[in-house]
Each structure stands twice: as C-alpha cells, then as structure tokens.
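Engineer: Everything below, folded, please.
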Amino acid sequence: MAASWCISRNIYLRHGLKTYKARQTQLTNGFNIFETYSTSALKNNKSKPYEIVKYFVATKPGDKKDTTVELPQAYSPQFVEAAWYDWWVQEGFFKPKENESGQKFVLCLPPPNVTGTLHLGHALTCAIQDAIVRWHRMRGLETLWIPGCDHAGIATQVVVEKQLWKKEGKTRHDVGREEFLKRVWEWKEAKGETIYNQMKKMGVSLDWSRTCFTMDENMSLAVREAFIRLHDEGLIYRSGRLVNWSCHLRSAISDIEVINEQIDGPKGLKVPGYEHPVVFGEMTQFAYPVVNSDQQITVSTTRLETMLGDTGVAVHPDDPRYSHLHGALLQHPIDGRHIPVITDDSVQQDFGTGAVKITPAHDHVDYQIGRRHNLLSVNVIDDQGLMENVPEQYKGMKRFHARQKVADALKEKGLYKGKQPHSMVLPVCQRCGDIIEPRIKDQWYVNCAELASNALQAVESGELTIYPDFHRKVWREFMSNEKAKDWCISRQIWWGHRIPAFRVDLKQNTNEGEELWVSAHTEEEACMKVESKLGITRNNFSLHQDEDVLDTWFSSALVPFSALGWPKQTIDLHRFYPNSLLETGNDILFFWVARMVMLGLKMTGCLPFSKVLLHGTLRDSKGRKMSKSLGNVIDPMDVIYGVSLEELQKQVERLGFDVSEMETAKKGQSQDFPDGIQECGTDALRFALCSYQFKDPEIRMNISHVHNYRQFCNKIWQAFKLVWNQLGPDFKPVQHLKNNEDTTFTPVDLWILSRLSHLVQHCDNNFRSYDLHLATLALYNFWFNDFCAVYLEYSKKMMDTPSAPGVRDVLYFVVDTFLRALSPFMPFLTEELYQRLGNISADASSVCLTQYPDPLKYNWYNGNLESTMERVQLTCNGALSLMKTFELSPKITEVYIQAPESYHFDDFLAVFASQLKCQSITFVNRDQALSGCIRKDIAPGLDVYIKVQDISKIQVMIKNLEEKHHNLMEKIVQLAKKGKKKHNDVDDKIQVLDEKARLVKEQIDILQQVQRNSIRGPD
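Structural biologist: As a prediction, this is how the structure comes out:
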C-alpha cells in the first residue's frame, strides 16, 4: 500500500494528471515500476550523462580511505568504490574467523577458465554468491569463500597454439611437448590474473590467501590420487568406444563443448583446414544393389563420405516393402564389399525410404545398432580428418572433399538418386568451430553405475537439497540414465593432468592383444606395482606412460576437497569440509555438480556439500542467448565504468569475425546501445543482477535496469546526506532503540520502526530461502517509499519541535539498520556511508563485519499503526487527485478531512502537511457543514474536501472535456472507415483512441459527481 501510494503521489506532483490517471489504470493491468515511475526515467529517452567525480586523496593500497573528504553532490561510483577493496583484503576481513557457536559457512567459487575474462554470467555468479557469503559472515558464522581457477585444458591450449602460429608460424608439434607446455605456463603467468582482477572490481569477498589453480602441485596430487584409487578398484577402465572427436584439435571433447547448431537448409560454413565454406543441410540419396538380383535399396544420408564405412543397411522388421530382403546381401557401390540387410525396431518406416545405412564407427545411433547386430566397425576417417581404410583413390583425402568424390563415383555407376534441402542439427566444436566427427577411439572411462546410484539416493533421501526443487526431476533423469553411460575422461591434448597410467610391455608377452595398465604417482611406484602383481623383476618389462591428459571436468569435480588440501589430511580439510553450499548455473548440473557429488562420496565418504543452488541462463532483454556474433555479449567492466558505442564496435573488430558476422554484431550493438553504456558502478550492477528471479531457467538481462538501480544509489546518497545534516556534528547515537512503555516516540516514529521490522524480517526470510530478488525488492521499496517519501519528509517538519531528539534517534537507527541490511548487495556504497555515519565499534570496523539485522531484535511491528497510516496515505492521495483535477495550487488550498475519532488522524498532522504541502489542513466532524467545497469519498466514513473559490469553473471543464470526447469519437469513426481498406495499423490506432475516449468520459463523470457533491455539501 505504501509503495503504491508514494509512487502515485510523485507521479501526480511531477508529471501531471494524465500520467497519474494512466498509472491508476496500470494498477489493474500489471505494473512495472521502471516503466511507469522511475528515479531515472530511462525508457525511450536519451539519458543525461552522469557527472564523474573521483576520489583524489593519495591512499596507499591497503590503507583505510580518508572519510573526512566532503561527499560529492551526487553519487559517483568511482569516488565511492575507490580504496575500499584493498583495505578489506589487507585487514583480513574475508578470512574465516572462529566463533563460539562453531557454526560455519563454506562455499567454493566455480573455478572460471584461466583463459577467460569476466562476462555477465560470471558477474551473476559473483553477485549471488557474494551476497550470500556476506550475509553469513555478518551473522557471525565462520565464513570461507574459496577462490580458484581452472586450467581449461582445450581452451588454453587453443589460445596458446594460435599465439604460437601467429608469432612464429609454428604448431605445437613443431616445438614439442616440453617446450609447448613451457609456453603455456608462461602465458598463464602473464595473463592468468586477468579474471581475478576483474572479480575484485566486482567486490567479491573471497579469501585470496587460499587461491587455488587446478594445475597446482597439491591439486595435481589430488587428481592422480583419485585416478589411481578408482583404477585400482576397477571403476576406471580403458575401452574402444565412440567419442566426440575434433579433427582440428585431434582430441576427444566433452558433450558440453559441443554446440548443436540448427541448419534449416543448404548453408556454407567455415571449417578449420578448408579454404572454402563447406555446404551442410542437404540430404543425399543413393542405392545399394541387392546381390544376385536386379533390385536396389535406396538410402539417405547427410554425410555421404561415411558410406565408405557402411557395414549394413537396416529396415524395420514390420515394413512390408523389405520383408523379402531380410538377411539379404547388398553390394557396396565403391569397394564391392557385401553387407547385410538387418532388421531393427529403431528404424522409422515413414522417414525417407525406410531403409537406413549403418556406419557403426562414425555415428552414435549406428554404433548402438551395430553392437546389437555384431556389425563390423570400420574407421574411415583418421585423427586429422583424412580418409583411411578406404579404396586407394580416397586415401589421405580430406573428409569433406571425399564427399564430392563419392557423389561423382555414384553418378558414374548410376546409383546416385539426387539430393534435396534438409533441416538438421550439426555438432560443432565450441573451442575451434570444427565439425565434430564421431569416432571409435581407445579412451579411459569411469564406470558411473554405482557412483550415480549413490548420488541419486543422496537427493531422494533428502541428504542433498537442490534449489529450486524442480531440478530434482532433472537430477533423477541424469542419474538414472548415467547408470548406462560411462564417463570418458581422456583427452588427446598436452595441457592438463597427464594420465597417471603406465602401459606394461612384457619382454615375453604371453597375452597378445591384451594390454596391461597400472596406475601410479611415479614410474618407480608403477614398477613396484607390476613386480608385486606379476611376480616379475624390473628387467622383464618396460613402462610407457599414457600421452593423454584427463578431462578438465575430472579435476574440477574434486575442487570442494582438493582445494582444502586433500588427499593430505590438512587442518583446512578437517575444519571446512564438507562445504555448506554449491551455487552455480543450471547448465552444468550434470557436467560438474553431479560429478562432484559422485566423486566426493567416493573419495571422502561424505557429500561435498549439503545444498545446491542453481541459477538460470543469462540472456539478453529479447530472450536471445548472449553471443559475440549477435553483438549482445556485455563485459561487466563496460557496465561498471561505461563504454561508448564506438569502443563497443572496436571490441567486435578485434574478434576477427568475417565481414557478414561483424556487420551483424555491430548492427545489434547499435540497436541495443545507440548511445553506448553509461557508467553504472559495481553496486548498481550487483543489485540489478540479484534483483532478477535467478532460479528461473532463463534470466532476461536489461542494462536499463542497472541504470535504474544506479539512480537508486543516488537516492540513498541524497537521503543519507540529508539525514547526516539533520543529525548534526554533536549527535550521540543510541546503540539500539528499546521498544517499551518508557519510549517517547511519536506514532509516525513507531510506524517507520514497524516498517523497518518488516524489512528486516523480509530480508532474513528471503536470504534463508535464497530468494534474493525479494530481498532487493523489500530494500528498494522501504527506502524509496516508506523512508524517503514519508518519514524523511515528516522529519523535516519535526526538527524544531520537542520531538526532534527522538526523531534523530530514529533516523540514525533506521539508516544504520538499512545500510547493514543492504551491505551484502552494495558493499562499496554501504561502507562509504557507514564509515561516515559514526559509532564505529572496535569489533566492527567495517560494515561487512557488523551484525546483520536480526528479526528477534526488531519487535516493532504495530498492525494498528500501519492500518492508520494506510488510511492517511489514501486520504492524501485523494486530496492530491482533487487538487490536480481542478488545477489548484497546493500552496493556496485548504483541505478538510472528515474521519472517525478512532483513526487519531491528528497524530499524523505532520505527515499530512509534509505530503500535501497545502495552505491548511483541518479535521472536521461528520455533522459539520462545509460550503464551497468539493468532496471525494475515500472509504466508508472517511472523506476529504477541497475548498474551491470558483465553483463555476467545474462547468467550463466539463464542457471542454465533452468537446474533447466528441472529437475523439469522430476520429474513431473515420479510422473505422479506413479499416475497410485493410490498413494494417488501423485497429491499433482505434484501440488507442478508444482508451483515450474512455478516460475522458470517466473524467466527465467524476466532475459531474463532484459538481453534485459540492452543491449538496456533506451528508
């Protein structure tokens, strides 16, 4: 009620009756505070540039900021955010502090890639996690937030390989493994701190003294130890299976590194290693001759080159077209091999010809069918994407060049049946843009059946809680399916944890065809294992360590305990494991969260954390995925410091897009940010990110919301300065106000304290349920609508009254409480103002260490007072609307209020005066006659009157409005006639005019009623 009334009042005073009445209509149709009334009014308007004020005092990094400097006139993020972060770190505020209760809160930051720079997805993670971490720290818990960075095997290797080729024209194979890894470490040392520095700009309260990197010695030890334990137990094994293969990287890659791109028809795509674009989105048909028959079976494919590896053709067992060919042999058109016709229930009879070519070595579905029917698997494409195990004329040919050569050969034999456009999903490597080639390779796998079952049981039993709850179903599906799908953990690259497995080559091999592998930390340890296991001496065998490295997700899955020293039994491991919470994006629920749970249970015997909080995928304001090619990817630093459109477009130019992609990206930027992005500051960005319902599957991010919250920062700034002046230099604050019979507070004081209690309770509830968007909403509404719009205005009237000391105590108490409640979201602004508010205690030299407001200490709720204030607000609203309708200046307006004595409105006279700013306010009895007044009914028994000197003015207004209504109706009739000629926008225009006419008619009815009331007088 308070929020609604205050917004209406300000619309009325600042924007006029038209906007005010439109606001009333919107209240019934859904209301967006930023679209209707905002502190910045950015919508559809070119915003005025902010004045940038900087902190000019020379302060050494780590020294406390000088707070004796005069505050700038308006909020300026660069002034506010200067110096504080280094001081926080230097003072050790982010390190865990033991407490008497023994309660702890531990959280690991999802380690970003060492190659990365901060994007808005990272910023969302930082904002959410830091708010939660700061809240726990302020509640007195021993709090640890662990920073870390992922070595990002493939991503880092790609970056360094590109750099090597650009500078020296060499590949990694040219310089060799040892030298290449040296180059990677040099690059990491030079560039690896970039994302950490950007996080510090976000104000994150990570304990930097515990920073870890997944290639650090202890974390590498943890990776080797986990592999060895799982291998010794038989849960890690080596097998030849179908994997996602990148021919350009010459490595298997994980599912999350594969982008499934929708192709709706023929489309040329750039593919690494090819000079010209390769066309995809076409379905080719060709025929297989039936052996010893003149019949043919026609099949279709989007990958014609793979037919060189076909080892069968499948039909549905119930398809009558092929029932006579079950078990028949077909002649391969290229090499003459005979391949069988098999029957399989998975074949769709109504798709294409109903016959499907089977290439087990190069297709995931075909691989399963081939296994069911014992078909041969023939690799016809090698590691580099060149043809192998094929007729001589195709050997060594690039796979997509072979596609056309095969088509030409089929045409010569009369077996080519044509091609047509075809919609398809194309798997593309996220790292290099290569087209993924499914291939059978010997790889290392984790048997996930038992591990997944245990992870599933943890959620089903309630031991592990997932927020939001609907992800339990997703978890159940993942874990159930994972029992039948093992995890490929080997990668054919050089940067990463080399697999600690050694192949044993016996000098007298009695088991030809079988490989023996042992796992160990060192070659010496591996030798001892072989000697013990086989009972032979060192001179009877040799060892060769696997060249492959482990999937990055394997090391990441160990982070909750490896970051604390595992497998060593460190103090930190005993003190902080298991973690309290895991917060991350819902897109890696399986790739990271599930694997942490599986390996955590297996390696440590307990869950790595008891709660999982998942946020949705961040999208742009139009709901599109953020993509550099669309120009909608935003660097958080550009939001914090501001950036011009020109600079945004220079950033696109540096990405190396082709001309068409670059133009698309620049066009998107010009549409979304025609004036660039203004400086918003860290606090506004953090608050905006937390204001979204981030538990939803998708989050639509709009930069204009950040601008609005920057204006909210300024509202806090201006109000604080006013309070600071009202308190004066000699003010001595009360540590905590007491709610007892001896208090001398006014009813309005008690009302704002009641609203403050609501705020504290809301924040506590919503932090506990991780509904941070509701906490931010409560903070915004309280400050803007309860404190600034009502109490602060009221306080101005009370400074020269006997109630002034109590009002000052309340002002201080409210501002102090609000700054502490806001601090997890806006650490810089709240620190700047808290330090200037005074009363800094030895136990809490920073706002981030003060006690977060506890609902148990805020027992000020007063339902009767809040109900009375709602009536006061309704009455003020009614009086304002009458003054606006009759175009009366508040300064010369007399207001009369009829209300039951039980309302005690006289206790709120200062509120009426501060809100209405009129000539006089008089409370009158129900039987008191009021001449020359117009009346508005507020509620049963509650009326407000405005004295009007010239009643005849009403009739003139009615006449003008009737004429306006007539003109609007005529326009509607004219447009309706045009509508018969099928003008596309006529219906929309009629709808707009009809709504205007309806509002005018309402105004006429109201004025006529007021006219009758003014003649009749009070009942």
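Engineer: Report the separation between the closest residue to D906 other than its chain neighbours and Y896.
Structural biologist: With CB to CB, 6 or more residues apart in numbering as the criterion, D906 has its nearest non-adjacent residue at 6.0 Å, and that residue is F923. Yep, even glycine has a C-beta here, placed from its N, CA and C like the rest. Distance check for F923 against Y896: by CB to CB, to the nearest Å, it reads 8 Å.
Engineer: now swap in H316 and tell me
Structural biologist: In this view, H316 and Y896 are 87 Å apart by CB to CB.
Engineer: follow-up on the earlier one: okay, F923 and Y896: which has more neighbours?
Structural biologist: More crowded of F923 and Y896, by other CB atoms under 10 Å: Y896, with 20 against 16.
Engineer: List the contacts of the more buried one.
Structural biologist: Y896 sits next to I921, T922, F923, V924, L930, C933, V944, Y945, I946, K947 when contact means CB atoms under 8 Å, 6 or more residues apart in numbering.
Engineer: Is it possible to get a markdown table of the residues you listed that adds pLDDT?
Structural biologist: Putting those into a markdown table (pLDDT from 0 to 100) gives the following:
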| residue | pLDDT |
| --- | --- |
| I921 | 90 |
| T922 | 89 |
| F923 | 92 |
| V924 | 89 |
| L930 | 74 |
| C933 | 78 |
| V944 | 89 |
| Y945 | 87 |
| I946 | 86 |
| K947 | 83 |
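Engineer: For the stretch 451-600 of the chain, just list every one of the strands.
Structural biologist: Under the criterion DSSP state E, counting those that start in this stretch, the stretch 451-600 of the chain contains strands at 465-467, 487-488, 490-491, 501-506, 516-519, 541-545, 549-550, 581-585.
Engineer: ranking those by burial, who's on top?
Structural biologist: strand 490-491 (a mean of 26; mean count of other CB atoms under 10 Å).
Engineer: Contacts for that one next, please.
Structural biologist: The contact list for strand 490-491 (CB under 8 Å, 6+ apart) reads 153-154, 251-253, 443-444, 499, 546, 548-552.
Engineer: Does A455 touch A594 like I think?
Structural biologist: Yes. Counting by CB atoms under 8 Å, A455 does reach A594; the two are 5.9 Å apart.
Engineer: what is in contact with those two at once?
Structural biologist: What both A455 and A594 touch, as defined by CB under 8 Å, 6+ apart, is the set M479.
Engineer: quick one, which of the two is more surrounded?
Structural biologist: Just comparing A455 and A594: by other CB under 10 Å the higher neighbour count belongs to A455, 27 against 24.
Engineer: give me the low-pLDDT residue ranges for the stretch 451-600 of the chain?
Structural biologist: 482-484, 509-513 (pLDDT under 70).
Engineer: Repeat the analysis, applying 90 as the threshold.
Structural biologist: Scanning the stretch 451-600 of the chain for pLDDT under 90 picks out the ranges 477-486, 507-515, 534.
Engineer: Which residue ranges of it form helices?
Structural biologist: 471-482, 523-534, 552-556, 559-562, 571-576, 595-604 (DSSP state H, counting those that start in this stretch).
Engineer: Let me know which of the ones you listed is tucked in deepest.
Structural biologist: Of these, the one with the most neighbours on average (mean count of other CB under 10 Å) is helix 559-562, at a mean of 27.
Engineer: residues making contact with that helix?
Structural biologist: For helix 559-562, the surrounding residues in contact (CB under 8 Å, 6+ apart) are 108, 111, 148, 212, 214, 218-219, 222-223, 555, 573, 577-579, 582, 596, 600, 603-604, 608-609.
Engineer: likewise stretch 353-368?
Structural biologist: Residues contacting stretch 353-368 (CB under 8 Å, 6+ apart): 242, 285, 288, 297-301, 303, 306-307, 309-316, 319, 321-322, 342, 346-348, 369-371, 375-381, 437-440.
Engineer: what's the strand or helix carrying I972 packed up against?
Structural biologist: Element membership for I972, per DSSP states H and E: helix 953-979. Contacts defined by 3 or more CB pairs under 8 Å, 6 or more residues apart in numbering; DSSP states H and E place helix 953-979 against helix 986-1016.
Engineer: mean confidence for the helix it packs on?
Structural biologist: Averaging pLDDT along helix 986-1016 gives 77.
Engineer: L456 and Q711: what is the separation?
Structural biologist: The gap separating L456 from Q711 is 48 Å, by CB to CB.
Engineer: Likewise for P805?
Structural biologist: In this view, P805 and Q711 are 33 Å apart by CB to CB.
Engineer: Check L689 too.
Structural biologist: Distance of L689 to Q711, given as CB to CB: 17 Å.
Engineer: More neighbours: these two, which one.
Structural biologist: Higher neighbour count among L689 and Q711: L689, with 31 against 20, using other CB under 10 Å.
Engineer: residues contacting that one?
Structural biologist: Neighbouring residues of L689 by CB under 8 Å, 6+ apart: L120, A123, L124, A127, I128, M701.
Engineer: Quick check: the two most widely separated of those?
Structural biologist: Using CB to CB, the two most remote members of the contacts of L689 are I128 and M701, lying 13.5 Å apart.
Engineer: Following the chain past the lowest-mean-pLDDT helix or strand in the chain, name the next helix or strand.
Structural biologist: Least confident helix or strand of the chain, by mean pLDDT, DSSP states H and E, is helix 33-36 with a mean of 30. For helix 33-36, the succeeding helix or strand toward the C-terminus, using DSSP H and E, is helix 77-80.
Engineer: what comes into contact with that following helix?
Structural biologist: For helix 77-80, contacts defined as CB under 8 Å, 6+ apart pick out 52-55, 72, 640-641, 679-684, 710, 713, 828-829, 832.
Engineer: which residues in the stretch 151-300 of the chain form helices?
Structural biologist: All helices of the stretch 151-300 of the chain, identified by DSSP H, counting those that start in this stretch, fall at 153-168, 172-175, 177-191, 194-201, 217-232.
Engineer: out of these, nearest to L614?
Structural biologist: Each of the helices of the stretch 151-300 of the chain has some distance to L614 by CB to CB; the shortest is helix 194-201, at 20.6 Å.
Engineer: Just want the angle from the helix holding I972 to helix 986-1016.
Structural biologist: 160 degrees (axes from the mean of the first three to the mean of the last three CA atoms, to 10 degrees).
Engineer: Apart from its neighbours in sequence, what residue is nearest G623?
Structural biologist: Using CB to CB, 6+ apart and skipping residues adjacent in sequence, the residue nearest G623 is R700, 5.7 Å away.
Engineer: Wait, the one you found touches R619, no?
Structural biologist: Yes. With contact defined as CB under 8 Å, R700 reaches R619; the gap is 5.5 Å.
Engineer: Overlap of the contact sets of these two?
Structural biologist: Joint contacts of R700 and R619 (CB under 8 Å, 6+ apart) do not exist.
Engineer: Identify all residues paired with the residue most central in space within the chain through a beta bridge.
Structural biologist: Nearest residue to the geometric centre of the chain (CA atoms, centre = their mean): L618, 4.1 Å. Counting by DSSP bridges, L618 forms beta bridges with I699.
Engineer: follow-up on the earlier one: so of the contacts of stretch 353-368, which ones are in helices?
Structural biologist: I369, G370, R371 (DSSP state H).
Engineer: Using JSON lines, lay out the residues you listed together with neighbour count.
Structural biologist: Formatted as JSON lines, these follow (neighbours: other CB atoms under 10 Å):
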{"residue": "I369", "neighbour count": "20"}
{"residue": "G370", "neighbour count": "22"}
{"residue": "R371", "neighbour count": "13"}
